[in-house]
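Trainee: Quick one, fold the following:
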Amino acid sequence: MKVLGILGSHRRDGVTAKLVDAVLQGVDPANKTEIIYLEDYDFKPDTYERKDPVLDELEGKLLESDVWIIAAPTYWRSLAGKMKDFFDCLRQRLVRFDKQGETHPDRFKNKHYLSITDCYTGTFENWVTGVTDQSLRTIDQVMSAAGVIKVNEIVMTNTWGIQELPAAKKSECLKRGQQLSSVQKRDDSTVKRYIQLFFMVAIMALAAMGIQVGLGLFPKTHFWLSYSSFVVIFFALLAGILHFATYVKHRRK
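Mentor: Here you go, the predicted model:
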């Protein structure tokens, strides 16, 4: 297995780079690792006349890797420009387009990725206002379109003036690196997710109907029969909608 770090920051020795290095240190030595610093690559978008040779090189590295570490800082509540430019230029290669111009997973489907971002904002402020949320959503949106499976994410706050990673954050990175060594080739947790969804529906329905009974808004007679039928029907409808939205709608032969 090969793990590829993709660093999209202005500095090759900054906090973001240190986070990537720490994750790679945690990867089992039996696996191959590599890191590419996007500032070293003068890539341009493909044109109808010719493909960009630098993108050819980068695409080759992506194809030969099983897991990607996508790392870029958050600037102005958004993903750093170099990484965003990389995604934009690689768009025609990350996905397949149908006759209507809709995108579908292609050659990178079922690879895995870990996303990393950091910012100057304090931990509490980031938790409340979601400064890094848009950066992570951008990465997730691109990877989802390409069919790449998310393993985890790392967020570091309070990075102003930081020269070395705090011990707790380095430990987290090492742990995430160890997890990358055992990722599965395919995402086979669909059944597990539907089971989790069923129990979430069952618990919320029981709580809601219990409150209604307590307020006298729901009859106590045949409560469990009504509850069971509601859970099954609601779960079937919700699962069907989710299946259509996340799979059938985007499936093309």
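Trainee: Low-confidence ranges, the stretch 51-200 of the chain, go.
Mentor: For the stretch 51-200 of the chain, applying pLDDT under 70 flags the ranges 184-190.
Trainee: if I've got this straight, N158 is in a strand?
Mentor: No - N158 sits outside any strand when classified using DSSP: H, G, I helix; E, B strand; the rest coil, being coil.
Trainee: Give me the nearest residue to it, chain neighbours excluded.
Mentor: Once flanking residues are discounted, N158 sits nearest to G122: 5.6 Å by CB to CB, 6 or more residues apart in numbering. Where you see a C-beta, it was placed from the backbone N, CA and C, and this is true even at glycine.
Trainee: correct me, but the one you found touches M156?
Mentor: No - between G122 and M156 there is no contact under CB atoms under 8 Å: 11.6 Å.
Trainee: ok, the two, which is more surrounded?
Mentor: Set side by side, G122 and M156 show unequal neighbour counts under other CB atoms under 10 Å, the larger going to M156 at 24 against 13.
Trainee: can you tell me how far the more buried one sits from E172?
Mentor: For M156, the distance to E172 (CB to CB, to the nearest Å) stands at 9 Å.
Trainee: What helices and strands are in contact with the host helix or strand of Q141?
Mentor: Using DSSP states H and E, the secondary-structure element containing Q141 is helix 133-146. Using 3 or more CB pairs under 8 Å, 6 or more residues apart in numbering; DSSP states H and E as the contact criterion, the neighbours of helix 133-146 among helices and strands are strand 78-79, helix 81-89, helix 91-94, strand 103-105, strand 112-118, strand 149-156.
Trainee: For the stretch 151-253 of the chain, which segments are assigned as helices?
Mentor: Counting by DSSP state H, counting those that start in this stretch, the stretch 151-253 of the chain has helices at residues 167-180, 190-214, 223-246.
Trainee: Pull the contacting residues for I162.
Mentor: Taking CB atoms under 8 Å, 6 or more residues apart in numbering, we find I162 in contact with V15.
Trainee: looking at the protein, which residue ends up farthest from its center?
Mentor: Ranking residues of the chain by C-alpha distance from their mean position (CA atoms, centre = their mean) puts T221 at the top, at 46.3 Å.
Trainee: Throw the helices and strands packed on helix 133-146 into TSV and include distance to D56, thanks.
Mentor: Formatted as TSV, the entries for the helices and strands packed on helix 133-146 read as follows, by distance: least, CB to CB, whole Å:
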stretch	distance to D56
strand 78-79	24
helix 81-89	12
helix 91-94	9
strand 103-105	20
strand 112-118	21
strand 149-156	25
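Trainee: ok, so what distance separates D118 from V148?
Mentor: Here D118 is placed at a distance of 21 Å from V148 (CB to CB).
Trainee: try A205
Mentor: Counting by CB to CB, the gap from A205 to V148 is 34 Å.
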